[in-house]
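Trainee: build me a model from this:
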Amino acid sequence: MVDAVRCAIEVQSGMVERNAGLPPERRIEFRVGIHLGDVVEESDGDLMGDGVNIAARLEGIAAPGAICLSEDAYRQVQQRLDLKVTDLGPTQLKNIAQPVRAYSLEVGQPAETKPSSATTVAVKPKIATRLLATGGRLSRWPALAAALVAALILLAAGSWYLPGGRLTKPAQAAHLSLVVLPFANLSGDPAKDYLADSLTDELTTALSRIRDSFVIARNTAFTYKGKPVDVKAIGKDLGVRYVLEGSVLPSGNQVRVNAQLIDADSGAHLWADQFDTPRADLLQMQDEIVTRLARAMDLQLPEAEAARLKRTQAANPDAEDLALQCVAALQKAGYTGKDADAGSRLCEQALAADANNVRALTHLAVKKYFWALHHLGNADLKADLEPADELASRALVLDPNYARAHSAKGSILFGQGRFDESITEHERALALDPASVSSVLGLGWNYLNKGQIEKGLEFLDKGIRLSPHDPGLDNYYNGKAWAYFALKQYDQTIEWARRALAVSPRGNPWIHLNLIAALALAGHEAEARDALQNYLASVPSWPKTIAAWKVAGAPERYYDGLRKAGVPEE
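Mentor: The predicted structure is shown next:
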């Protein structure tokens, strides 16, 4: 069983490498289902039985790129493999009489190789016109008593094959795929982390502008902060070829930065350099780092992509320093809660020192946007968004080339229901910063609300690829739940809503809305009522009636499901 799971992980990890840097329409993604059970070998060599059927149904509920295990299969590996898992709970599978408890495995974690036992595996691509196996026949294992132990691996379009039983890897990660790991703060003072964090952000943005590059978003990169660095494991986990890491050492008004580029396949150091600059010029230093890095990699960079887009320079260095501290605090807190409230006061102090500080204006706008979004009990969301809109608009007047301000404006316009205008702002943000995963997410949600479901799903999948360990993955998963609800694919809605809640147990009201309504409309009314009780115990200010959900902007297609689950009209 361990061997079967390890094989599945290697297949999925290999596909991440193959898909790195490819547009969505050229990617191939597999779903994997694994179950432990009896199978029957027919006289013609075909494999039949409940073991095969359950594995196939588990494959059907797996997310693209994921592995779904039955409880029987998971029990065999949970003590032997270091794998992150999501308990999906008892799941009703199509044409399977009894619910099967299922578990979803995160791809990319190391696993020991152990002797295999009775295993059934089914793999299916997200999009494929047919399924192929080498020689047109599945490999067979010897019969054990009345049952046959089988590993069924169905792969699409010949992207993988099994000559002589050996798995052949697909194409390597794209040439210009990389991740900028959080630069280390060598001052010994955690309060100075914001300097290293800011430089990491700026480098991520600058490198993502290189033509044909693929740069992992900062949200995922920062999940490695403070952890031991194994570049080979990181490269395999993220599907990137290069890792850029370094350190920042502030001393008085000076800052020393060390940076090094590492080949993720071999672990070899390809380039290293040291930079000294006045502290006030730290963010401008990234131009020089990117330029030297490009020369070391022998890249031809157009000036507009190699150099930092010219932005309005901060008139007051002290205000800019406060703004950087504010950004670090807000990003760490996720823009909500008491820590975010404390962080936002740093932006207010920055604006008191310099009313035209673009960074402070922008991130204070984002903070106010999140506040409005998380207070759905308020009667007028559009009115609540007006202070955020004013701040973002001021920032864009001062600096029309600041990507984060365009992204903030796009989010605010989305909250106001102005989807076409929001799309324009998010597209501008991505033109300025291709690693702006918040705008990728924003585009996904905009297209979903415009009824362009497939296009919305493409952007959500792109965001997951850009930031596979994003702390806000629940927003992407919930977007997929929303999309499948619109398509009336309620089983998929339930799956993705549960994934979202696994990432964020309290979640947000929209995740609960998808889960409650989908469970009720799928005929699981008892589970829907349980989900409703869980929701009602979450946050008192969230909508509790159909009327309140209407005020919050929930589409009408949800109302029948809410009523079946027991949500009152008033």
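
Trainee: doesn't residue 384 make contact with residue 416?
Mentor: No - with contacts counted by CB atoms under 8 Å, residue 416 stays clear of residue 384, the gap being 10.2 Å. For the C-beta atoms, the positions are set from N, CA and C on the backbone; glycine is no exception.

Trainee: how about the helices in the stretch 1-150 of the chain?
Mentor: 2-19, 50-61, 71-77 (DSSP state H, counting those that start in this stretch).

Trainee: among those helices, which is nearest residue 94?
Mentor: helix 50-61 (5.7 Å; CB to CB).

Trainee: which secondary structure elements does the closest one contact?
Mentor: The elements that helix 50-61 packs onto, with contact taken as 3 or more CB pairs under 8 Å, 6 or more residues apart in numbering; DSSP states H and E, are strand 30-35, strand 67-70, strand 100-105, strand 120-125, helix 490-503.

Trainee: quick one on the thing from earlier: now the helices of the stretch 1-150 of the chain in CSV, with mean neighbour count and mean pLDDT?
Mentor: Output for these, formatted as CSV (neighbours: other CB atoms under 10 Å; pLDDT from 0 to 100):
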stretch, mean neighbour count, mean pLDDT
helix 2-19, 21, 76
helix 50-61, 23, 81
helix 71-77, 21, 80
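
Trainee: in TSV: those, plus distance to residue 445.
Mentor: Output for the helices of the stretch 1-150 of the chain, formatted as TSV (distance: least, CB to CB, whole Å):
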stretch	distance to residue 445
helix 2-19	23
helix 50-61	24
helix 71-77	33
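
Trainee: of the ones you listed, which is nearest residue 409?
Mentor: Checked against CB to CB, the stretch from the helices of the stretch 1-150 of the chain lying closest is helix 2-19, at 31.1 Å.

Trainee: the closest one vs strand 100-105, what angle?
Mentor: Here the directions of helix 2-19 and strand 100-105 differ by 50 degrees (axes from the mean of the first three to the mean of the last three CA atoms, to 10 degrees).

Trainee: helices or strands up against helix 2-19?
Mentor: strand 30-35, strand 67-70, helix 71-77, strand 120-125, helix 231-238.

Trainee: ok, of the ones you listed, where does mean pLDDT dip lowest?
Mentor: For the helices and strands packed on helix 2-19, mean pLDDT drops lowest on strand 120-125, to a mean of 45.

Trainee: just give me the residue right at the centre of this protein.
Mentor: Taking CA atoms, centre = their mean as the criterion, residue 464 is the residue nearest the geometric centre of the chain, at 3.4 Å.

Trainee: tell me which helix or strand it sits in.
Mentor: helix 453-466 (DSSP states H and E).

Trainee: list the buried residues for that helix?
Mentor: Buried residues in helix 453-466, counted by 16 or more other CB atoms under 10 Å: 453, 455-466.

Trainee: with pLDDT as extra columns, can I get those residues in JSON lines?
Mentor: Below are the buried residues of helix 453-466 laid out as JSON lines (pLDDT from 0 to 100):
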{"residue": "453", "pLDDT": "95"}
{"residue": "455", "pLDDT": "95"}
{"residue": "456", "pLDDT": "96"}
{"residue": "457", "pLDDT": "95"}
{"residue": "458", "pLDDT": "94"}
{"residue": "459", "pLDDT": "96"}
{"residue": "460", "pLDDT": "95"}
{"residue": "461", "pLDDT": "93"}
{"residue": "462", "pLDDT": "93"}
{"residue": "463", "pLDDT": "93"}
{"residue": "464", "pLDDT": "93"}
{"residue": "465", "pLDDT": "90"}
{"residue": "466", "pLDDT": "91"}
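
Trainee: out of those residues, which is nearest to residue 540?
Mentor: Among these, and counting by CB to CB, the member closest to residue 540 is residue 460, at 30.1 Å.

Trainee: what sits against the closest one?
Mentor: By CB atoms under 8 Å, 6 or more residues apart in numbering, the contact set of residue 460 is 441, 444, 476, 479, 480, 483.

Trainee: for it, which non-adjacent residue is spatially closest?
Mentor: Leaving aside its chain neighbours, residue 460 sits nearest to residue 444 (4.1 Å; criterion: CB to CB, 6 or more residues apart in numbering).

Trainee: does that neighbour sit in a helix, a strand or a coil?
Mentor: helix (DSSP: H, G, I helix; E, B strand; the rest coil).

Trainee: residues near it, how many?
Mentor: A count of nearby residues for residue 444, using other CB atoms under 10 Å, gives 27.

Trainee: wait, doesn't it sit right on residue 453?
Mentor: No - the pair formed by residue 444 and residue 453 falls short of the contact definition of CB under 8 Å, at 10.3 Å.

Trainee: so where do the strands sit in the stretch 251-400 of the chain?
Mentor: 254-263, 269-278 (DSSP state E, counting those that start in this stretch).

Trainee: and the ones you listed, which one's lowest on average pLDDT?
Mentor: strand 269-278 (a mean of 86).

Trainee: list the buried ones in that strand?
Mentor: residue 275.

Trainee: so what touches that strand?
Mentor: Under CB under 8 Å, 6+ apart, the answer for strand 269-278 is 242, 253-263, 284-285, 288-289, 292-293, 296-297.

Trainee: 7 Å - rerun?
Mentor: 253-263, 285, 288-289, 292-293, 296 (CB atoms under 7 Å, 6 or more residues apart in numbering).

Trainee: got a quick ChimeraX command for the buried subset of these?
Mentor: Applied in ChimeraX, the following selects the buried portion of these according to 16+ other CB under 10 Å:
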select :255,257,258,259,260,261,262,285,289,293
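
Trainee: secondary structure class for residue 245?
Mentor: Going by three-state DSSP: residue 245 is strand.

Trainee: what's the pLDDT at it?
Mentor: 93.

Trainee: near the residue lying closest to residue 451 once chain neighbours are set aside, how many other residues are there?
Mentor: Of all residues not flanking residue 451 in the chain, residue 486 sits nearest, at 7.6 Å (CB to CB, 6+ apart). Residue 486 has 16 neighbouring residues, counting by other CB under 10 Å.

Trainee: so residue 486 makes contact with residue 453?
Mentor: Yes - counting by CB atoms under 7 Å, residue 486 sits close enough to residue 453 to count as a contact (5.6 Å).

Trainee: many thanks, we can stop here.
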